[in-house]
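A.B. asks: Below: sequence and its predicted model.
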Amino acid sequence: MIAQLALLAAVSLPDVSAVVGPPSSTPISGKALEEHTEQLSDTIRCPVCQGSSVGDSPSEMARNMKQQVKELLALGFDDEQIIVYFEASYGEFIRLEPSKKGLNALVWLAPLVALVLGVILVLRRLSGAPKVDHSQQPSQGALPDDPDLARWVLKVRQEVFGWPDGEPPEEAS
Amino acid sequence: MNRTVLIIGLVLTAPLVWILASGFGKNPHAIDSPLVGRAAPTFALRQLNGGETVGLTQGGQPTVVNFWATWCRPCVQEHGVLTAAAARYRGKVKFMGIVYEDTEERIRAYLKRSGAAYPTLIDEAGKTAIAYGVYGVPETFFIDAKGQILYKHAGPLNPQSIEGYLRKLTQGSP
């Protein structure tokens, strides 16, 4: 009889404490319970849906999980205990926002590392770029040594820039 | 400079290539369970036929826990396989069927037609399914005499696959 009563008690709620220990917060009720249930349900992934939370999904599994979130909050389990309880069954997949530990940290760190490396690369390239020595540049009026080519260059200058005989005008000093 | 760029590129892309390559090597239908190798969640549930509450406690006999529903075609397909295995391993392995998101009327009618060789349990509000991390049905858990989950099988079982699991489950059992 005692064994049966113990079994019946377990029917009402699986042994959550065996997984996450006794409730470590204070039980809540009423409007606070409703609001907190909604808030926490939005961070738990619905296992039978495509990327939606337990709070958003209309599936029966999601509704059951949301109801269990509510019951656990009412018993005084805190947010982390509830998430860890679901995580024990489904793995980290259940967290809509994965923890920033282990390999997951790469997701947060890799873009930062890439950005820093990119900035370093650009700075190094800029500092290593050859300086342009304007004094070594040919003057506007310089012509190729080949007389035939020089003739054509003058002609092009005359056509394009309107310089008389292709010679650049004297700069006003 | 080109050597540096090459090394940085490799450092950034190698983890991504490793993640993709390891993903290709996996069976896309297999669903890993963090519960495998750990103690099975204990439960005690009401029987469909109104008999006494049936539960899984730590230790005892090797146990097969099957989550199923009548609306699930693969569940219906494997029903005969489970029934035959339960008869073959009677006294050595306990079998339990846990109803997943279905009505008692439909389950009762189905079992009346197809026969029941082991207890069918009602999981109120799906709490046991959640504790076992069930994604869909059928899913079957093979639990050893110490109460540890040895295997999880997602999808329908066939005579060969269940025999393989049951042989391993009963190895070393009295």
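C.D. replies: Structure received.

A.B. asks: Low-confidence regions, chain B specifically.
C.D. replies: For chain B, applying pLDDT under 70 flags the ranges B:1, B:27-31, B:58-59, B:172-174.

A.B. asks: residues from it in reach of chain A?
C.D. replies: Residues of chain B lying near chain A by C-beta under 8 Å from any C-beta of the partner chain: B:1, B:4-5, B:8, B:12, B:15, B:32-35, B:41-46, B:52-53, B:55, B:101, B:124-133, B:135-136. Heads up, the C-betas are built off the backbone N, CA and C, glycines and all.

A.B. asks: hey, where'd the strands end up in chain B?
C.D. replies: Listed in chain order, the strands of chain B (DSSP state E) span B:43-47, B:54-56, B:63-68, B:94-99, B:120-122, B:139-143, B:149-154.

A.B. asks: Spit out the contact partners of the residue at minimal distance from the centre of chain B.
C.D. replies: Note on chain B: the residue nearest the mean C-alpha position is B:Thr140, at 2.3 Å, using C-alpha atoms, centre = their mean. For B:Thr140, the contact set (C-beta atoms under 8 Å, 6 or more residues apart in numbering or on different chains) comprises B:64-67, B:82, B:152-153, B:157.

A.B. asks: which one of those residues has the most neighbours?
C.D. replies: Counting neighbours by other C-beta atoms under 10 Å in any protein chain shown, B:Phe67 leads the contacts of B:Thr140 with 27 neighbours.

A.B. asks: Cross the residues of chain B next to chain A against helices and list the overlap.
C.D. replies: B:4-5, B:8, B:12, B:15, B:127-131 (DSSP state H).

A.B. asks: ok, of those, which come out buried?
C.D. replies: B:8, B:127-131 (16 or more other C-beta atoms under 10 Å in any protein chain shown).

A.B. asks: Mind putting the residues you listed into JSON lines with distance to A:Lys66?
C.D. replies: Shown next, in JSON lines, are these (distance: C-beta to C-beta, whole Å):
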{"residue": "B:Ile8", "distance to A:Lys66": "46"}
{"residue": "B:Lys127", "distance to A:Lys66": "12"}
{"residue": "B:Thr128", "distance to A:Lys66": "17"}
{"residue": "B:Ala129", "distance to A:Lys66": "14"}
{"residue": "B:Ile130", "distance to A:Lys66": "11"}
{"residue": "B:Ala131", "distance to A:Lys66": "16"}
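
A.B. asks: Go through these and say which is closest to A:Phe86.
C.D. replies: For these, the closest approach to A:Phe86 (C-beta to C-beta) belongs to B:Ile130, at 7.3 Å.

A.B. asks: Surely the closest one and A:Gln67 touch.
C.D. replies: No: if you go by C-beta atoms under 8 Å, B:Ile130 and A:Gln67 don't touch, sitting 10.0 Å apart.

A.B. asks: any idea how far the residue nearest to A:Gln81 when sequence neighbours are not counted lies from chain B?
C.D. replies: Once flanking residues are discounted, A:Gln81 sits nearest to A:Val20: 4.3 Å by C-beta to C-beta, 6 or more residues apart in numbering or on different chains. Distance, A:Val20 to chain B, using C-beta to the nearest C-beta, to the nearest Å: 12 Å.

A.B. asks: Who are the contact partners of A:Val20?
C.D. replies: Contacts for A:Val20 (C-beta under 8 Å, 6+ apart) come out as A:77, A:81-82, A:84-85, A:88.

A.B. asks: Pretty sure A:Leu117 sits against B:Ile8.
C.D. replies: Yes: the criterion here is C-beta under 8 Å, and A:Leu117 meets it with B:Ile8 at 5.6 Å.

A.B. asks: how far away is B:Gln61 from A:Cys49?
C.D. replies: Look at B:Gln61 and A:Cys49: by C-beta to C-beta, to the nearest Å, they are 36 Å apart.

A.B. asks: hmm, I was thinking of A:Met61
C.D. replies: For A:Met61, the distance to A:Cys49 - C-beta to C-beta - is 8 Å.

A.B. asks: Those two: which is more packed in?
C.D. replies: Ranked by neighbour count (other C-beta under 10 Å), A:Met61 and A:Cys49 place A:Met61 first, with 21 against 15.

A.B. asks: I'd guess that one is in a helix, am I close?
C.D. replies: Yes: counting by DSSP: H, G, I helix; E, B strand; the rest coil, A:Met61 is found in a helix.

A.B. asks: Nearest residue to it in space, please, no chain neighbours.
C.D. replies: Excluding its sequence neighbours, the residue lying closest to A:Met61 (C-beta to C-beta, 6+ apart) is A:Val48, at 4.7 Å.

A.B. asks: residue contacts, the one you found?
C.D. replies: Here A:Val48 is in contact with A:57, A:59, A:61-62, B:135-136 (criterion: C-beta under 8 Å, 6+ apart).
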